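# sharing a model that was predicted from the sequence below.
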Amino acid sequence: MSFYLNYDGKIVRADEPVVQATNRGFRYGDGLFETMRMTNSVIPLLTLHFERLFQGIALLGFELPGYLTPLYLENKIQELCQINSNSDSARVRLMVFRGNGTLYDPEDNTPHYIIETASLPTVGDGGNTDCIMGIYRSARKAADHFSAIKSNNYLPYLMGALHARTMGWTDSIILNTTGNVCESCISNIFIIKDGIIITPSLSEGCVAGVMRRHLLEVLPGWHFQVHEAAVTTEMLKEADEVFLSNAVNGIRYVLQVEDIYYDKTITSRIYNAITNS
């Protein structure tokens, strides 16, 4: 079966070229993206996804055309999932980028977009997925005005992911420029110590994850104590439990970070609460 993508409203084969060599998104990583999960034609937390996306579009100074609205993009996502026959369970990637131009002289300041969908297995017991991780020390994430967005400039995460593959890890932990825990290559990170859940604050440089935000909103109502704070590598070592969160995989339990092993008692409760909510 041939798969398709949506490029600026046009349905094209996924193996066809769609951008020119002078495209700023291709040349400079000038843009941002969202990754979402569709289940039975529904995207959970869609409002939060679009809120983050359009905040990022404004932050990057795009000239937003009137037609490019959350409803417009939702319709295009639904259309593409139907064409690719994966509305039941799909990973959706929506990339927004600037058009052609040089570094100092963009010829086109309007946002262009590409939507891709890929079939996913039905959601299983993600809370029992044993992630084995380590710390990637060759790159540091800066905490700045743009660190919370999902930028198309993905180099630190890409190299961290390649290192994880070399080491036989599930994922790598990325540190910030002060040496604190920031996030993983594809997820936000939470630690649990003495029943208290802690995740790095946005001021530490992590991406403003949609599932992270959802957890911060709902966990207190389920009688969990949760805080945003700086998380040092020493705190990571001394944690009782560690878990990851993102919108596609939900919650993933971390079994091991380098030579430290973790429990999953509270993480399993959180996973079950999220799954059944």
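Right, received. Where do you want to start?
# need the contact partners of stretch 198-205.
141-144, 147-148, 176-177, 180-183, 188-192, 206, 208, 212, 215-216, 226-231, 235 (Cβ atoms under 8 Å, 6 or more residues apart in numbering). Glycine gets a C-beta too; all of them are placed from N, C-alpha and C.
# helices along the stretch 101-250 of the chain, start to end?
With DSSP state H, counting those that start in this stretch as the criterion, the stretch 101-250 of the chain has helices at 155-167, 210-218, 233-238.
# give me the buried subset of the contacts of stretch 198-205.
Among the contacts of stretch 198-205, those classed as buried by 16 or more other Cβ atoms under 10 Å are 141, 143, 147-148, 176, 180-183, 188-192, 206, 208, 212, 215-216, 226, 231.
# quick one: which of those sit in strands?
Cross-referencing the buried ones among the contacts of stretch 198-205 against strands under DSSP state E gives 141, 176, 181-183, 188-192, 226.
# what helices and strands are in contact with the helix or strand of the chain with the lowest mean pLDDT?
Ranked by mean pLDDT, DSSP states H and E, the weakest helix or strand in the chain is helix 24-28, scoring a mean of 91. If you count contacts as 3 or more Cβ pairs under 8 Å, 6 or more residues apart in numbering; DSSP states H and E, helix 24-28 packs onto strand 89-97.
# please repeat the previous calculation with a cut-off of 10 Å.
With contacts taken as 3 or more Cβ pairs under 10 Å, 6 or more residues apart in numbering; DSSP states H and E, helix 24-28 sits against strand 31-39, strand 89-97, strand 112-119.
# nearest to Ile270 among the ones you listed would be which one?
For the helices and strands packed on helix 24-28, proximity to Ile270 was assessed by Cβ to Cβ; strand 31-39 is nearest, at 17.8 Å.
# return the set of buried residues in that closest one.
Across strand 31-39, burial judged by 16+ other Cβ under 10 Å covers 31-38.
# go on, stretch 195-213?
Within stretch 195-213, the residues that qualify as buried are 197-200, 202, 204-213, counting by 16+ other Cβ under 10 Å.
# about what we covered before: what lies in contact with the least confident helix or strand of the chain?
By Cβ atoms under 10 Å, 6 or more residues apart in numbering, the surrounding residues in contact with helix 24-28 are 19-21, 30-33, 95-103, 106-109, 111-114, 152-153.
# let's see 6 Å
Outside of helix 24-28, the residues within contact range by Cβ atoms under 6 Å, 6 or more residues apart in numbering are 19, 30-31, 97-98, 101, 106, 152.
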